[in-house]
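Undergrad: Got a predicted model here, sequence first, then my questions.
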Amino acid sequence: MLRNTFLICSLLVASSAALADEWLRSIPDFELSDHLGATHTLQQYADNEFVVFYVQGVGCPIARIALPNYREVRDEYADKNIEFLMFNSNIQDNLPRIAKEAGEFGIDFPIMKDEGQVLAKALGVERTAEVFIVNPRTKEVLYRGPINDQLGYETQRNNANEHFLKDALNTVLAGGTVNMDDVPDSKGCLVAIFDT
């Protein structure tokens with residue numbers, strides 16, 4: 001009986017680890033253009049400590065509302081050698097539409113067009129406003145989830161109680177590992193992924 005219980009617990013731990021591994025995938029090499037005409041590759045960020053990616057989508061209200069939070073994190077970590085970028089994987093959003101959105105909403109981040117949904121498929125993207133912390137040298141994804149707990153579906157707090165991205169950055173900057181069990185799913189607009 002005790003042996004069976006131990007075996008079941010071992011299997012549960014192994015399956016939880018497998019789920020965590022599936023949730024935190026690795027990022028592939030990429031070469032993508034942004035709405036300003038610049039080309040980005042993962043290699044060009046190899047000297048950065050980390051790169052943070054934000055999933056952007058034209059017309060998504062949650063992605064728009066979360067922008068100040070993302071900007072606040074970038075500004076707070078300006079001296080930590082961390083690059084903050086965005087990418088858009090929506091099939092219907094082309095670079096002119098992305099540029100128009102950036103102009104209208106004062107988006108001062110490069111927004112890469114994820115042609116062929118290369119990043120979305122590799123990372124398992126499901127929604128906009130999700131963020132990823134990546135080690136650009138090892139290609140490891142160290143965190144994925146929301147910026148904080150301020151936004152929900154049809155809800156918005158005046159102030160965030162939990163600062164998931166900041167906590168994760170502090171953890172990885174200190175050499176630790178983020179406990180993804182403590183991180184809720186991101187809220188955002190669905191990103192439709194198409195098989196090619």
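TA: Perfect, I can see it now.
Undergrad: contacts, neighbours, all on C-alpha from now
TA: Will do.
Undergrad: Give the burial count for Arg127, as a bare number.
TA: Applying the criterion other CA atoms under 10 Å, we find 22 residues in the vicinity of Arg127.
Undergrad: Same question for Ala174.
TA: Residues contacting Ala174 under the criterion other CA under 10 Å number 9.
Undergrad: Counting neighbours, what do you get for Pro61?
TA: Neighbour count for Pro61, taken as other CA under 10 Å: 13.
Undergrad: Kindly report the same for Gly175.
TA: Residues near Gly175, counting by other CA under 10 Å: 9.
Undergrad: and what of the one 3 residues further on?
TA: A count of neighbours around Val178, defined by other CA under 10 Å, yields 18.
Undergrad: need the contact list for it.
TA: Residues counted as contacts of Val178 (CA atoms under 8 Å, 6 or more residues apart in numbering) are 142-143, 168, 171-172.
Undergrad: Show me which of the residues you listed is closest to His35.
TA: The shortest gap between His35 and any of these belongs to Tyr143, at 25.6 Å (CA to CA).
Undergrad: and that closest one, bridged to which residues?
TA: With beta bridges defined as DSSP bridges, Tyr143 has these partners: Ile133.
Undergrad: what residues are up against it?
TA: Listed by CA under 8 Å, 6+ apart, the contact partners of Tyr143 are 24, 131-134, 168, 178, 180.
Undergrad: could I get these as a markdown table with pLDDT and distance to Glu115?
TA: A markdown table is the format used below for the contacts of Tyr143 (pLDDT from 0 to 100; distance: CA to CA, whole Å):
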| residue | pLDDT | distance to Glu115 |
| --- | --- | --- |
| Leu24 | 66 | 22 |
| Val131 | 97 | 19 |
| Phe132 | 97 | 18 |
| Ile133 | 97 | 21 |
| Val134 | 97 | 20 |
| Ala168 | 97 | 28 |
| Val178 | 94 | 30 |
| Met180 | 90 | 29 |
